[in-house]
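what would the 3D arrangement of this be:
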Amino acid sequence: METKDRHPSEEGSLTRRRIIEAGLAAFCSMAVPAPVSALARTVDWASADLCRPVLRSAAYRSRRGERLADFYRRILGGESERTAAGSWRVSAGSETLLEIVEDRGLASSHPHAPGLFHMAFLFPNRADWLSAVHRLRESGAPFFGASDHGVSHAVYSADPDGHGVELAWDKPEVEWPRSDGRVAMTTRALDLRGELANHSPSRSGGAVRLGHVHLQTDSLGDQTDYRQSLGLAITQDTYPGALFLARGRYHHHLALNVWRVRPGLVRNPNAEGLFRLEWDLPGSPAAWEDRHGLEFVNQAS
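Predicted coordinates for the structure are as follows:
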């Protein structure tokens, strides 16, 4: 059989995609056990602001920035542009969602090191979400599953660099399942074919935003740092090996899991992938870095 040489970043992306596929397949079929009550923290649902965006934008490093920017432009139905500094920006409506810094000398990110599990892009309504799902299918990107989480519908994939992508649509808050006053997300298979059957796709980029970021780590004890430094509260602790955190009544702005990280592996600061998140977090520090080197910049400071 004839073989073709691949760029090292493409080999790394293929490996990462296979591992993400296995992890997300498990996630999409996961049963939800009883809560770990010792980790619970009460959220003041009544006084919190549900709808104010918290996660504003994300920055990635990539060997092939134009390819990555074009992928997100097409899937999100937005725009991409090259900046004077040589990076790429992807926007939807008036909001910049992603900055992509190109560096041909980067290493491939290790799929079992701490870092990004997936980035969730939130669409304002079901029709726009289904249009994005249609564009994703037409792009040839890998498909890892579709889930009804009770609070949202979600489709999982990966970008050309092998990093996890979630396309999501939130159900109305009154439909969110709750238990003892707290959100109670679930994972059930979603009939995506049925969802798409009567949908006429359209191009849409308005009002798309970053819904949440899901990180992989080697210890759920990291949640203490995120709570203290970002002012987040645990909203759900019933998934094995995972925690969900948010501000306000939202189901989650940040999630952590320990499903894939191998003990002793560290995040390579000179590798492809997510390296900075910009938030709107009143009362939190202007800048903070977690113990794995991920930067958090607070626009509200």
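
spatially central residue for the protein, please.
In the chain, the C-alpha closest to the average C-alpha coordinate belongs to M119, at a distance of 1.7 Å (CA atoms, centre = their mean).

my read is that that one contacts R209, right?
No: look at M119 against R209 with CB atoms under 8 Å: they stay out of range, at 11.4 Å. C-beta here means a position set from N, CA and C on the backbone, and glycine is covered the same way.

the residue nearest to the centre of the chain pairs with what?
Taking DSSP bridges, one obtains V165, V213 as the residues bridged to M119.

got a list of what it touches?
In this structure, M119 makes contact with A58, H163, G164, V165, E166, L210, V213, H214, L274, judged by CB atoms under 8 Å, 6 or more residues apart in numbering.

lowest confidence element among the helices and strands of this protein?
helix 8-28 (a mean of 52; mean pLDDT, DSSP states H and E).

mean confidence for the next helix or strand after it?
Under the assignment DSSP states H and E, the closest C-terminal helix or strand after helix 8-28 is strand 55-62. Strand 55-62 comes out with an average pLDDT of 97.

got the CA coordinates for the helix or strand S80 falls within in PDB?
Here S80, judged by DSSP H and E, is contained in strand 79-82. The C-alpha coordinates for strand 79-82 follow below in PDB (Å, rounded to 0.1, in the frame of the first residue of the first chain):
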ATOM      1  CA  GLU A  79     -15.500  35.700   9.800                       C
ATOM      2  CA  SER A  80     -11.700  35.300  10.100                       C
ATOM      3  CA  GLU A  81      -9.000  37.900   9.500                       C
ATOM      4  CA  ARG A  82      -5.300  38.100   9.600                       C
END
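
what pairs with that strand, parallel or antiparallel?
Strand pairing for strand 79-82, using DSSP bridges, gives strand 88-92 (antiparallel).

please name the residues that touch the closest residue to N257 other than its chain neighbours.
Take N257 and drop its neighbours on the chain: the residue closest to it by CB to CB, 6 or more residues apart in numbering is A242, 4.1 Å away. When contacts are counted by CB under 8 Å, 6+ apart, A242 touches L220, A255, L256, N257, V258, W259.

look up how far E295 lies from the residue nearest to the centre of the chain.
Distance, M119 to E295, by CB to CB, to the nearest Å: 15 Å.
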